[in-house]
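A.B. asks: just the structure for this:
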Amino acid sequence: MNKVIEIGRLARDSELRYSPSGTAICNFTIAVDRTFKNAQGEKEADFLPVVAFKQLAELCSQYLSKGKLVAVDGRLQTRNYTHKDGYKVYITEIIANEVQFLSPKDGNSSGASSSSSSSLGHEVNLDDDDSIPF
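C.D. replies: The predicted structure follows:
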């Protein structure tokens, strides 16, 4: 079984790009606090790269920015490539199946007028301003 569920804050703004075939790809990094403190008594965090695809990628790009709180449900994936200098680079990232936007809305939200709750990883009722999670 390969399942990951993490809650954290975006360490930087999300980045949207498109593959040559037109698939939307959104990359972002979440900072997840560790449950213990280091020897100096300070809390530490892990910075986890996340990748979302297709419509979920476009939604993440639209609503996620640095500091926003999110829950990510997905799987771990490891890939590697050979750097131009000849050494192997290994990358481990979370491939998002579902992303929940947990930060309160900003007041800068767009005037969308439809409701949506689907397997795209968001639960948003845009007809009721109190339930918008961003």
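A.B. asks: make it CA atoms for all contacts and neighbour counts henceforth
C.D. replies: Fine.
A.B. asks: which parts of the chain are strands?
C.D. replies: Ranges of strands in the chain, per DSSP state E, are 4-10, 15-18, 24-37, 43-53, 69-82, 88-101, 115-118, 122-125.
A.B. asks: and those, which one averages the lowest pLDDT?
C.D. replies: Across the strands of the chain, strand 115-118 has the smallest mean pLDDT, namely a mean of 31.
A.B. asks: would you reformat the strands of the chain as CSV and include distance to Tyr63 and mean neighbour count?
C.D. replies: Shown next, in CSV, are those (distance: least, C-alpha to C-alpha, whole Å; neighbours: other C-alpha atoms under 10 Å):
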stretch, distance to Tyr63, mean neighbour count
strand 4-10, 11, 18
strand 15-18, 11, 16
strand 24-37, 11, 18
strand 43-53, 13, 18
strand 69-82, 11, 15
strand 88-101, 8, 17
strand 115-118, 15, 11
strand 122-125, 11, 18
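A.B. asks: could you export these as a markdown table, including distance to Ser61?
C.D. replies: As requested, the strands of the chain are arranged in a markdown table below (distance: least, C-alpha to C-alpha, whole Å):
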| stretch | distance to Ser61 |
| --- | --- |
| strand 4-10 | 12 |
| strand 15-18 | 6 |
| strand 24-37 | 6 |
| strand 43-53 | 9 |
| strand 69-82 | 13 |
| strand 88-101 | 12 |
| strand 115-118 | 17 |
| strand 122-125 | 13 |
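A.B. asks: how about the ones you listed, which one is nearest Gln62?
C.D. replies: Proximity to Gln62 (C-alpha to C-alpha) singles out strand 15-18 among the strands of the chain, at 9.0 Å.
A.B. asks: elements contacting that closest one?
C.D. replies: Counting contacts by 3 or more C-alpha pairs under 8 Å, 6 or more residues apart in numbering; DSSP states H and E, strand 15-18 is packed against strand 24-37, helix 54-63.
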